[in-house]
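**Student:** Here you go, sequence then predicted model.
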Amino acid sequence: MFDKDFFTEYGEASQYEITDVVGRGSYGVVASAIDTHTGEKVAIKKMTNIFEHTPDAILILREIKLLRLLRHPDIVQIKHIMLPPCSREFKDIFVVFELMESDLHHVIKINDDLTPDHHQFFLYQLLRGLKYIHTAHVFHRDLKPKNILANADCKLKLCDFGLARVSFTDVPSAIFWTDCVATRWYRAPELCGSFFSNYTPAVDIWSVGCIFAELLTGKPLFPGKNIVDQLELVTDLLGSPSVETIARIRNEKARKYLNSMRKKKSIPFSQKFPTIDPLALNLLERLIAFDPNDRPSAEEALAHPYFHGLANLDNEPSMKPISKFEFEFERRKLAEDDVRELIYREILEYHPQMLQEHLQGKDQISFMYPSGVDRFRRQFACLEEYGTNDSGILLQRKYTSLPRFLGLVFFCVIGPSSKSSHRLATFGILFLVGLGEHFGMYRLICFVEIWYVNF
C-alpha cells in the first residue's frame, strides 16, 4: 500500500502554476506563479548551470542557507525549493519566494512624489531588518536599492544575501573580507581602501545611509566612477577624515593617499539638503559618518527621535547568533561535488520526508527521486519562448515523477521469466540508471506501457 503522505509531499509538480516571466539576469529567470494549494502568488527563480563556476555556486549556497535561518518580516522568505530528480547530477535549481511587486530602485526612479512619511517608513523597515541580521552576526555587505524588494503597500524586504557573511570571532578578517563586496556607490569608505583591520556591521549602516539620502533626494548620493572618484565625492561632502581616523587605517598606501589628498572642509547638511527635515538630516549625518566608530548601530538608529511614534524597540525582533557549525564550509576549499552536496542538503530542508531518509542513508540505493523539476523546466522554456501562458502551447503533462520504490517493485515483478522479458528488464534497469534529470518521466511511462502490452 502506498503512503498517501508520500504523494502529498511530492505533489509539488502540480502545486505551482507559472503565469509570466517577471525578471531576467545573469543568474537565470524569475517567473510569477500561483500556489494552487493556497491561491497565493509566488515568484519562482530558475537558476541554471549553477555549478559551472564553483564560487558562484557557493554564493547560492550561502544565500539559501541564510534565508532559511533568517526569518523576519523585513527579509524575503524562501517558501520552497524544488527537489532535484537526482542528488548527484542536478545542475539547475528552482527556488520559490514570496512574490514582491518591485524593488526600491524602481520605486525611487518612477515616483517623484514620495512623502516624508514614505521616507521614514522605508528607513524604519531597513533598520529593523538590519537590527535582526546584525544580532545574528550577519553582515549583508551589498545593500543597495535593487537589493530591496518593495510592494505597493510600501512594504520592503531585504534580499540577495549571496555576498553576506556570518561573523565569527575566530575567523581571520583577512580571510573574511577578501572577496568582492558592495556596489561602489553604496560601499563604505573603509571597504573602498581596506582602511581598517576589523570590519563591523557599520558597513551596512553606511549603505543604508546612502539609500536614505537617495530616497530623500531622488538620486544617488555618491555616484563614483571608480574607487578614487568615490572617495573624492565622499570627502567633498564629509570633509577630510581626522588625523585620528587616518592613524587607525591598516593599509599604508591608503594612509598615504588620504594624507596626500587636498584638505577639505565638510559641507553642512542643512546647506547641502535645505528642504529636508532637520531630524532626517541629523540621522543621515550619523549614518554616513566617515569613521565607522562614529556610526550608530541599527538599534541605536531606531532609537533616534526621527522615529518617534513609529519604532518600538521592545517589539523589534532580534536573533541569536548563528551557529558556527552552519557555516563550517566557509573554512575549507570546496570542490564542485562538495557544493552540490551542501546545496542538496539545504534543499532537503523543504522536504521533511526525504530529509529523514537522507539522514538515515536510505537515498544511497536510489537513482531517481520524485520531482517537479522537469515540469518546471518545460514550463519555463515555453514561457520564455512564447512570452505568456496564453499561447495555446501545452506547457506540461499532467503526471508527475514515479515514486522511487515503484521502479524497484516494477522490476521485481518482471523477473527474468523469459528471454524477452529478461532483455526488457535489463534494458529498463539501464534506462533508469542513465535517466538522470535530462529525460522526462513520460518516456519511462511509455516504456512501462510497452512492457505491459508484451508481457
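**Tutor:** That came through, no problem.
**Student:** average pLDDT for stretch 222-236?
**Tutor:** Here stretch 222-236 scores 93 as its mean pLDDT.
**Student:** which outside residues touch it?
**Tutor:** Here stretch 222-236 makes contact (Cβ atoms under 8 Å, 6 or more residues apart in numbering) with 184-185, 187, 189, 192-193, 210, 237, 241, 261, 264, 267, 290. Placement of C-beta: from N, CA and C, glycine included.
**Student:** For PyMOL, write the selection for the buried entries among the residues you listed.
**Tutor:** Applied in PyMOL, the following selects the buried portion of the contacts of stretch 222-236 according to 16 or more other Cβ atoms under 10 Å:
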select buried, resi 184+185+187+189+192+193+210+237+241+290
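**Student:** any idea which of the contacts of stretch 222-236 is closest to residue 250?
**Tutor:** Among the contacts of stretch 222-236, residue 193 lies closest to residue 250 (Cβ to Cβ), at 9.9 Å.
**Student:** circling back to that earlier point, output the contacts of stretch 222-236 as a markdown table; include the columns distance to residue 74.
**Tutor:** Shown next, in a markdown table, are the contacts of stretch 222-236 (distance: Cβ to Cβ, whole Å):
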| residue | distance to residue 74 |
| --- | --- |
| 184 | 25 |
| 185 | 22 |
| 187 | 22 |
| 189 | 26 |
| 192 | 27 |
| 193 | 31 |
| 210 | 18 |
| 237 | 28 |
| 241 | 32 |
| 261 | 38 |
| 264 | 36 |
| 267 | 32 |
| 290 | 27 |
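**Student:** Hmm, which of the contacts of stretch 222-236 is lowest in pLDDT?
**Tutor:** Ranking these by pLDDT, residue 193 lands last with 65.
**Student:** Which strands and helices lie in contact with the longest strand belonging to the chain?
**Tutor:** Scanning the chain for the strand with the most residues, using DSSP state E, yields strand 16-25. Where contact means 3 or more Cβ pairs under 8 Å, 6 or more residues apart in numbering; DSSP states H and E, strand 16-25 is packed against strand 28-35, strand 41-47, helix 373-386.
**Student:** what's the angle from that strand to strand 28-35?
**Tutor:** Interaxial angle of strand 16-25 relative to strand 28-35 (axes from the mean of the first three to the mean of the last three Cα atoms, to 10 degrees): 150 degrees.
**Student:** got the angle for strand 16-25 vs strand 41-47?
**Tutor:** Using the same axes, to 10 degrees: strand 16-25 against strand 41-47 is 60 degrees.
**Student:** In strand 16-25, which residues are buried?
**Tutor:** Buried, per 16+ other Cβ under 10 Å, within strand 16-25: 16, 18, 19, 21, 22.
**Student:** mind exporting that strand as PDB, just the C-alpha atoms?
**Tutor:** Coordinates of each C-alpha in strand 16-25 appear next as PDB, following Å, rounded to 0.1, in the frame of the first residue of the first chain:
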ATOM      1  CA  TYR A  16       2.600  25.900  -8.700                       C
ATOM      2  CA  GLU A  17       1.200  27.200 -12.000                       C
ATOM      3  CA  ILE A  18       3.600  29.500 -13.700                       C
ATOM      4  CA  THR A  19       2.000  32.600 -15.200                       C
ATOM      5  CA  ASP A  20       4.600  35.100 -16.500                       C
ATOM      6  CA  VAL A  21       8.200  36.000 -16.700                       C
ATOM      7  CA  VAL A  22       8.900  38.900 -14.300                       C
ATOM      8  CA  GLY A  23      12.700  39.200 -14.400                       C
ATOM      9  CA  ARG A  24      15.900  38.000 -16.100                       C
ATOM     10  CA  GLY A  25      19.500  38.300 -15.200                       C
END
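**Student:** Now it: average pLDDT?
**Tutor:** Strand 16-25 carries an average pLDDT of 86.
**Student:** do stretch 111-124 as well
**Tutor:** 94.
**Student:** For it, which residues meet the burial criterion?
**Tutor:** Buried residues in stretch 111-124 (16+ other Cβ under 10 Å): 119, 120, 121, 122, 123, 124.
**Student:** Out of those, the closest to residue 303 would be?
**Tutor:** residue 124 (11.7 Å).
**Student:** tell me the contacts of the closest one?
**Tutor:** With Cβ under 8 Å, 6+ apart, residue 124 has these contacts: 302, 307, 310, 311.
**Student:** so which of the residues you listed comes closest to residue 139?
**Tutor:** Distances from residue 139 to the contacts of residue 124, taken by Cβ to Cβ, are shortest for residue 302, at 17.9 Å.
**Student:** any idea of the pLDDT on the closest one?
**Tutor:** 96.
**Student:** Next, work out how far apart it and residue 355 are.
**Tutor:** Separation of residue 302 from residue 355 (Cβ to Cβ, to the nearest Å): 37 Å.
**Student:** Looking at those two, which is more packed in?
**Tutor:** Neighbours were counted for residue 302 and for residue 355 using other Cβ atoms under 10 Å; residue 302 has more, 21 against 14.
**Student:** give the contact list for the residue nearest to that one when sequence neighbours are not counted.
**Tutor:** Distance criterion Cβ to Cβ, 6 or more residues apart in numbering; nearest residue to residue 302, sequence neighbours excluded, is residue 311 at 4.6 Å. Contacts for residue 311 (Cβ under 8 Å, 6+ apart) come out as 124, 128, 302, 303.
**Student:** Report the secondary structure element holding the first one.
**Tutor:** Pointing back at residue 124 there. helix 116-135 (DSSP states H and E).
**Student:** about what we covered before: how about the helices and strands packed on strand 16-25 in CSV, adding distance to residue 167, mean neighbour count and mean pLDDT?
**Tutor:** CSV is the format used below for those (distance: least, Cβ to Cβ, whole Å; neighbours: other Cβ atoms under 10 Å; pLDDT from 0 to 100):
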stretch, distance to residue 167, mean neighbour count, mean pLDDT
strand 28-35, 30, 19, 90
strand 41-47, 27, 19, 94
helix 373-386, 35, 18, 68
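**Student:** Confirm for me that residue 125 is in contact with residue 150.
**Tutor:** No: Residue 125 sits out of contact with residue 150 when judged by Cβ atoms under 8 Å, with a separation of 9.7 Å.
**Student:** which residues are in contact with both of the two?
**Tutor:** Joint contacts of residue 125 and residue 150 (Cβ under 8 Å, 6+ apart) are residue 156.
**Student:** Which pLDDT value belongs to residue 288?
**Tutor:** Reading off the model, residue 288 has pLDDT 98.
**Student:** quick check: angle from the helix or strand residue 214 falls within to helix 116-135?
**Tutor:** Here residue 214, judged by DSSP H and E, is contained in helix 202-217. Following the same axes, to 10 degrees, one obtains 170 degrees for the angle between helix 202-217 and helix 116-135.
**Student:** how about the CA coordinates for helix 202-217, as PDB?
**Tutor:** Output of helix 202-217 as PDB, limited to C-alpha atoms (Å, rounded to 0.1, in the frame of the first residue of the first chain):
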ATOM      1  CA  ALA A 202      28.800  49.700  10.300                       C
ATOM      2  CA  VAL A 203      29.500  48.800   6.600                       C
ATOM      3  CA  ASP A 204      25.800  48.100   6.300                       C
ATOM      4  CA  ILE A 205      24.800  51.200   8.200                       C
ATOM      5  CA  TRP A 206      26.800  53.300   5.700                       C
ATOM      6  CA  SER A 207      24.900  51.600   2.800                       C
ATOM      7  CA  VAL A 208      21.600  52.300   4.400                       C
ATOM      8  CA  GLY A 209      22.600  55.900   4.900                       C
ATOM      9  CA  CYS A 210      23.300  56.200   1.100                       C
ATOM     10  CA  ILE A 211      20.000  54.600   0.300                       C
ATOM     11  CA  PHE A 212      18.200  57.000   2.700                       C
ATOM     12  CA  ALA A 213      19.900  60.000   1.000                       C
ATOM     13  CA  GLU A 214      18.700  58.700  -2.300                       C
ATOM     14  CA  LEU A 215      15.200  58.400  -1.000                       C
ATOM     15  CA  LEU A 216      15.300  62.000   0.200                       C
ATOM     16  CA  THR A 217      16.700  63.500  -3.000                       C
END
